[in-house]
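Enquirer: sequence unavailable; structure follows:
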């Protein structure tokens, strides 16, 4: 019987550092990332693919701003920008996955599902926005925009300017999860929860509405994996394994750790808040909820025996 896996692609699956972001670059990156999924397919896994959207949604926001300034086009809110990015990235991934499958004589449908994710409008994250989005501004520009819009702007730690910051609330419910599970178990590949999903909340009973926020892609992928009863969660990054004492003479790669050990290392501050920590937290949540394993690794090690770092219940 085939197993079900959720594979969470990082943002570099389509757009890598130093690239301009042309469609040719992104298609090539998506094709190469898609080829790595063949090992899982040949190992009898049904697949649900999730992905980041950081570079793409930033470009969408820039285009949105330029259209407003130059032509008076109405600006779209962040939840709509995330929806744009889901459709765009889903299309590129879907097409390149099909190309890989056809080259390997595999007949499967590939379906992109624009995915909304329920959050709580009273989540504490809304009182302390920390997630930077969109373009950089001068201090004066940021202050003027803050007066006009009520948005919060913070200075970039690397001195590149000021950026809008928004909340990153905890994902609660993945919409269409039953359909995602059903299609995947029918041996088709589903692309869902792009960029962490489109954040929405109940503005009143039986009425959903988008909200100005972004959801962590790995936490949303973990929740999806739990809610569709996946057998394994793969969280992909740009290093082969998780390390403790990273970038020090005592650096050590971890082949396997229990959720107890993972929590201990997390509490010690072993993992960077903006990089590995969210992936570890996502893995812990999946393993705690399901009792199944999560694996953090790079794309090239997908499906490789002992590839990456395995997080287990015991």
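Expert: That came in fine, so what should we check first? Nothing here was measured: the structure is a model prediction, and the numbers come from that model. Numbering: from 1, shown residues only.

Enquirer: just the helices in this protein please.
Expert: With DSSP state H as the criterion, the chain has helices at 23-35, 38-42, 54-71, 78-103, 139-149, 177-185, 217-227, 259-267, 276-290.

Enquirer: ok, the nearest residue to residue 42 once chain neighbours are set aside to residue 224 distance?
Expert: Distances taken as C-beta to C-beta, 6 or more residues apart in numbering place residue 303 nearest to residue 42, at 7.7 Å, with adjacent residues excluded. Every C-beta, even on glycine, is put in place using the N, C-alpha and C of the backbone. Taking C-beta to C-beta, to the nearest Å as the measure, residue 303 falls 20 Å from residue 224.

Enquirer: how about residue 308?
Expert: In this view, residue 308 and residue 224 are 20 Å apart by C-beta to C-beta.

Enquirer: all strands for the stretch 151-300 of the chain, in order.
Expert: 152-155, 162-166, 173-174, 189-191, 198-204, 207-210, 232-237, 242-244, 252-254, 256-258, 293-298 (DSSP state E, counting those that start in this stretch).

Enquirer: which residues touch the last one?
Expert: What it means is strand 293-298. Outside of strand 293-298, the residues within contact range by C-beta atoms under 8 Å, 6 or more residues apart in numbering are 222, 232-242, 276, 279-280, 282-283, 286-287, 307-312.

Enquirer: so how do I select the buried members of those in ChimeraX?
Expert: This is the ChimeraX syntax for the buried subset of the contacts of strand 293-298, where burial follows 16 or more other C-beta atoms under 10 Å:
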select :222,232,233,234,235,236,237,240,241,242,276,279,280,282,283,286,287,307,308,309,310,311,312
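
Enquirer: residue contacts, the nearest residue to residue 234 once chain neighbours are set aside?
Expert: Using C-beta to C-beta, 6+ apart and skipping the chain neighbours, the partner closest in space to residue 234 is residue 7 (4.6 Å). Applying C-beta under 8 Å, 6+ apart, one finds that residue 7 lies in contact with 37, 40, 47-50, 234, 236, 302.

Enquirer: do the same with residue 136
Expert: 156, 160-163.

Enquirer: filter those down to the buried ones, ChimeraX style.
Expert: Buried subset of the contacts of residue 136, written as a ChimeraX selection, criterion 16+ other C-beta under 10 Å:
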select :162,163
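
Enquirer: in JSON lines: the contacts of residue 136, plus distance to residue 132 and pLDDT.
Expert: As requested, these are exported to JSON lines (distance: C-beta to C-beta, whole Å; pLDDT from 0 to 100):
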{"residue": "156", "distance to residue 132": "7", "pLDDT": "89"}
{"residue": "160", "distance to residue 132": "10", "pLDDT": "90"}
{"residue": "161", "distance to residue 132": "10", "pLDDT": "93"}
{"residue": "162", "distance to residue 132": "9", "pLDDT": "94"}
{"residue": "163", "distance to residue 132": "4", "pLDDT": "92"}
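
Enquirer: about what we covered before: neighbour count winner among residue 303 and residue 224?
Expert: residue 224 (27 against 18; other C-beta atoms under 10 Å).

Enquirer: that one touches residue 6, doesn't it?
Expert: Yes: counting by C-beta atoms under 8 Å, residue 224 does reach residue 6; the two are 6.0 Å apart.

Enquirer: list the contacts for the residue nearest to the spatial centre of the chain?
Expert: With distances taken as C-alpha atoms, centre = their mean, the residue of the chain nearest its centroid is residue 217 (2.7 Å). Counting by C-beta under 8 Å, 6+ apart, residue 217 makes contact with 8, 50-53, 193, 195-196.
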